[in-house]
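Enquirer: following is a predicted model, sequence given first.
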Amino acid sequence: MDVMTAPSVRKDTNLMGMELFVTGWEFCKLPVDAAWEDAAAAEKTAWKKVDLPHDWLIAQSTNLYEDATGWYRKTF
């Protein structure tokens, strides 16, 4: 008797094996006046792996309205 099983799909790919746009992002939070150059120069530890959608303002529930700039990047 043949048993059909679902194909194995990685979390970050669709059924055709294509990478999903919402996975594999990195996020860095810096002071409100930071420029992209500051974010790009930030240490690797400042960048956290995230998937979209991502809401960085609610990550710290004790400070919902902090002044900061959130930067996202994805490498293709």
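Expert: Alright, I've got the coordinates.

Enquirer: now do residue 27 against residue 36, distance only.
Expert: 14 Å (C-beta to C-beta, to the nearest Å). Using the backbone N, CA and C atoms, a C-beta is placed for each residue, glycine as well.

Enquirer: looking at these two, which one has more neighbours?
Expert: Between residue 27 and residue 36, counted using other C-beta atoms under 10 Å, residue 27 has the larger neighbour count: 18 against 11.

Enquirer: quickly find the element holding the more buried one.
Expert: strand 25-30 (DSSP states H and E).

Enquirer: strands along the protein, start to end?
Expert: 25-30, 48-50, 69-74 (DSSP state E).

Enquirer: out of those strands, which is closest to residue 18?
Expert: Shortest distance between residue 18 and these, using C-beta to C-beta, is found for strand 69-74: 14.6 Å.

Enquirer: elements contacting the closest one?
Expert: Contact analysis of strand 69-74 by 3 or more C-beta pairs under 8 Å, 6 or more residues apart in numbering; DSSP states H and E lists strand 25-30, helix 36-41 as its packing neighbours.

Enquirer: so what touches it?
Expert: The contact list for strand 69-74, computed with C-beta atoms under 8 Å, 6 or more residues apart in numbering, reads 24-34, 36, 39, 47, 50, 54, 56.

Enquirer: before we move on, what about stretch 49-58?
Expert: 21-27, 29, 64-66, 70, 72.

Enquirer: out of those residues, which are buried?
Expert: Among these, those that count as buried by neighbour count (16 or more other C-beta atoms under 10 Å) are 25-27, 29.

Enquirer: those residues into a markdown table, with extra columns for pLDDT and distance to residue 43?
Expert: Shown next, in a markdown table, are the buried ones among the contacts of stretch 49-58 (pLDDT from 0 to 100; distance: C-beta to C-beta, whole Å):
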| residue | pLDDT | distance to residue 43 |
| --- | --- | --- |
| 25 | 95 | 18 |
| 26 | 96 | 12 |
| 27 | 94 | 14 |
| 29 | 91 | 13 |
